[in-house]
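A.B. asks: here is a sequence together with a model predicted from it:
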Amino acid sequence: MNIKDADRIRTIENRRNLFKNKNLLFWYRQLYTSQFSAHGDLDKFVVLEIGSGTSPLKHFYPTVLTNDVFVNGKVKVYQFRELKSVPPTPMMVVL
């Protein structure tokens, strides 16, 4: 098994465990509500989450665009599957 496949399997396992933990999800919701409260409705932005991993951000904000990070030697390659071009709307990047 290569590194990319092993990382994907570990990420899926971690995500399953996260979604089983309702207390942790509650605190993630509180964090995101606090973090984004100054911006109002996130639907008016194109939000890119870099290095999504097991992050539940898309669970709470379905319009968020997430990405995968693959390690290729020393280079990290970011792949945004959902973003075909840069839209002319305000953009927010979450790291």
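C.D. replies: That came in fine, so what should we check first?
A.B. asks: check contacts around residue 42.
C.D. replies: Applying C-beta atoms under 8 Å, 6 or more residues apart in numbering to residue 42 gives the contacts 36, 61, 63, 64, 92. Bear in mind the C-beta positions are built from the backbone N, C-alpha and C, glycine included.
A.B. asks: list the ones among those residues that fall in helices.
C.D. replies: Among these, the ones falling in helices (DSSP state H) are residue 36.
A.B. asks: compare the contacts of residue 42 and tell me which is most surrounded.
C.D. replies: The residue in these with the most neighbours, by other C-beta atoms under 10 Å, is residue 64 (21 neighbours).
A.B. asks: one step back: which of the contacts of residue 42 sits closest to residue 4?
C.D. replies: If you rank the contacts of residue 42 by distance to residue 4 using C-beta to C-beta, residue 64 comes first, at 22.8 Å.
A.B. asks: CA atoms of the longest helix along the chain as CSV?
C.D. replies: Longest helix in the chain, counting residues (DSSP H): helix 3-20. Only the C-alpha atoms of helix 3-20 are listed here, as CSV (Å, rounded to 0.1, in the frame of the first residue of the first chain):
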residue,chain,number,x,y,z
ILE,A,3,1.5,6.4,1.4
LYS,A,4,-1.4,8.2,-0.3
ASP,A,5,-3.7,5.1,0.2
ALA,A,6,-2.6,4.6,3.8
ASP,A,7,-3.3,8.3,4.5
ARG,A,8,-6.7,8.2,3.0
ILE,A,9,-7.7,5.1,5.0
ARG,A,10,-6.4,6.7,8.2
THR,A,11,-8.4,9.9,7.4
ILE,A,12,-11.6,8.0,6.8
GLU,A,13,-11.2,6.1,10.1
ASN,A,14,-10.5,9.4,12.0
ARG,A,15,-13.6,11.0,10.3
ARG,A,16,-15.8,8.1,11.3
ASN,A,17,-14.6,8.3,14.9
LEU,A,18,-15.1,12.1,15.0
PHE,A,19,-18.7,11.8,13.8
LYS,A,20,-19.4,9.2,16.5
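A.B. asks: what about it, average pLDDT?
C.D. replies: Here helix 3-20 scores 87 as its mean pLDDT.
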